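# sequence below, structure please.
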Amino acid sequence: MRTNTQTSNATNVDTGYETSKFALATGITTAAMVGIWACACMISALLNSGIGGVVKGFLTAVTGA
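This is a model prediction of the structure:
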């Protein structure tokens, strides 16, 4: 004799946790990309105008003079 049995599996997903995990990963990725771009810009500025030019440009930007 054969008996047919039906089984079902329910998976509970915590959508709040998954959304937070995705948002955190997106934020970390964006911050890393901005940091890498900032380092590339700083290296470019150092290569083009040297440390003195970078310091002078920074002070001019901060003080406005």
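
# show the end-to-end separation of stretch 6-26, please.
41 Å (CA to CA, to the nearest Å).

# that stretch: which residues count as buried?
Judged by neighbour count (16 or more other CB atoms under 10 Å), stretch 6-26 contains no buried residues. Quick note: C-beta positions are derived from backbone N, CA and C, even for glycine.

# distance between it and the chain's centre?
Centroid separation between stretch 6-26 and its chain, computed with CA atoms, centre = their mean, to the nearest Å, is 22 Å.

# quick one: average pLDDT of that stretch?
Computed over stretch 6-26, the mean pLDDT rounds to 87.

# how about stretch 34-46?
96.

# do a quick rundown of the helices in this structure.
Applying DSSP state H to the chain gives helices spanning 15-63.

# roughly how far does Phe22 sit from Thr15?
Computed as CB to CB, to the nearest Å, the Phe22 to Thr15 distance reads 10 Å.

# cool, and Lys56?
As judged by CB to CB, Lys56 and Thr15 stand 52 Å apart.

# again with Lys21
Lys21 is 10 Å from Thr15, where distance means CB to CB.

# again, but for Gly64
Gly64 is 48 Å from Thr15, where distance means CB to CB.

# cool, and Cys39?
Counting by CB to CB - Cys39 and Thr15 are separated by 36 Å.

# tell me the contacts of Leu24?
Contacts for Leu24 (CB atoms under 8 Å, 6 or more residues apart in numbering) come out as none.

# ok, it to Ala38 distance?
Leu24 is 21 Å from Ala38, by CB to CB.

# and Ser49, how many neighbours?
When neighbours are counted by other CB atoms under 10 Å, Ser49 registers 13.

# skipping adjacent residues, who's closest to it in space?
With sequence-adjacent residues excluded and distances taken as CB to CB, 6 or more residues apart in numbering, Ser49 is closest to Gly57, at 7.2 Å.

# tell me the pLDDT of that neighbour.
Reported pLDDT for Gly57: 92.

# what is the burial count for it?
Gly57: 12 surrounding residues under other CB under 10 Å.
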